[in-house]
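Colleague: Need coordinates for the following:
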Amino acid sequence: MALLMVHLLVADRWAAGHPEYRQCPEFYYGAISPDAIHIRDGDDKSRKDEIHLFNWRSPRPDNVLAYWRERFSPFDVGYGVHVLTDAQWVPRYVKRLPGLFHPDGQLNTGLYYNDTFVTDFRLYDKTPRLEAILKLIEAADTPTGHPLLTEYEFSQWRKVMLEAYRGECPRNDEPKLIDEAYVLEFVEDSIALIDEVFARAQVDA
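Modeller: A predicted model of the protein is given here:
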């Protein structure tokens, strides 16, 4: 999965073309919130794809469209942006970064998480806009009555993420494959799919 700052960079880049969301706390709160499943399940990822509208490892945009037909608040728009980001993240590194995998095809998790954490924290440290977004998220109202996750899970995930990124990076080796340039290129390339699905949802609204 993409880490928090990747999701916020994508959300902010997308919102540059949709200014009604660019300063909206609930939109950015939604853009981090599908991963609140970790409050419930910890490292058990067996339900993560369901919570991500079955977009966790590959794109299924019609599922996001169906979600947006039912729920189209700023929080829910952000939620959909998050899952469409993850939908593109995994297929891209599978295709472009074979060095992330062991000879048996399994992900080298040590390499992957070192690269993603170090790069995420570096982007946060050098991009003042990302701290401004965290402050927006901090001020956002937590939704009630969500069909997949609870109010407690959303608010607790927000608390955990705010504390984590304002602390020390848990890894420290120099990134080998997923570096800042890789992430920033991904951000730019991810917007077209999100725009396409959002435009379809607006037609239906």
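Colleague: just the helices in this structure please.
Modeller: 4-15, 25-30, 37-41, 48-51, 61-70, 74-96, 109-126, 128-139, 151-165, 180-204 (DSSP state H).
Colleague: Could you list the buried residues of the fifth one?
Modeller: This means helix 61-70. For helix 61-70, a neighbour-count test (16 or more other CB atoms under 10 Å) marks 61, 63-65, 67-68 as buried. In short, each C-beta sits where N, CA and C put it, glycine included.
Colleague: what bits of the protein have low per-residue confidence?
Modeller: 204-205 (pLDDT under 70).
Colleague: just to revisit the earlier point, columns distance to Asp115 on top of the buried residues of helix 61-70, output as CSV?
Modeller: Shown next, in CSV, are the buried residues of helix 61-70 (distance: CB to CB, whole Å):
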residue, distance to Asp115
Pro61, 27
Asn63, 29
Val64, 27
Leu65, 32
Tyr67, 30
Trp68, 32
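Colleague: ok, those residues vs Pro25, which is closest?
Modeller: For those, the minimum distance to Pro25 (CB to CB) is 19.4 Å, reached by Trp68.
Colleague: Enumerate every residue touching the nearest residue to the closest one once chain neighbours are set aside.
Modeller: What sits nearest to Trp68 in space, not counting adjacent residues and going by CB to CB, 6 or more residues apart in numbering, is Ala201, at 4.0 Å. Residues near Ala201 by CB atoms under 8 Å, 6 or more residues apart in numbering: 65, 68-69, 72.
Colleague: So what's the residue count around the closest residue to Phe186 other than its chain neighbours?
Modeller: Closest residue to Phe186 apart from its sequence neighbours, by CB to CB, 6+ apart: Arg92 at 6.3 Å. If you count neighbours by other CB atoms under 10 Å, Arg92 ends up with 16.
Colleague: and which of the contacts of Ala201 is nearest Gln23?
Modeller: Nearest to Gln23 among the contacts of Ala201, with distances taken as CB to CB, is Phe72, at 18.6 Å.
Colleague: ok, the closest one - how many residues close by?
Modeller: Neighbours of Phe72 (other CB under 10 Å): 16.
Colleague: repeat for Thr109
Modeller: 10.
Colleague: residues touching it, list them.
Modeller: Contacts of Thr109 by CB under 8 Å, 6+ apart: none found.
Colleague: swap in Val81?
Modeller: Contacts of Val81 (CB under 8 Å, 6+ apart): 7, 10-11, 14, 30-31, 194.
Colleague: Can you verify my assumption that Trp14 contacts Ile194?
Modeller: Yes: at 5.3 Å, Trp14 and Ile194 qualify as touching, with contact defined as CB atoms under 8 Å.
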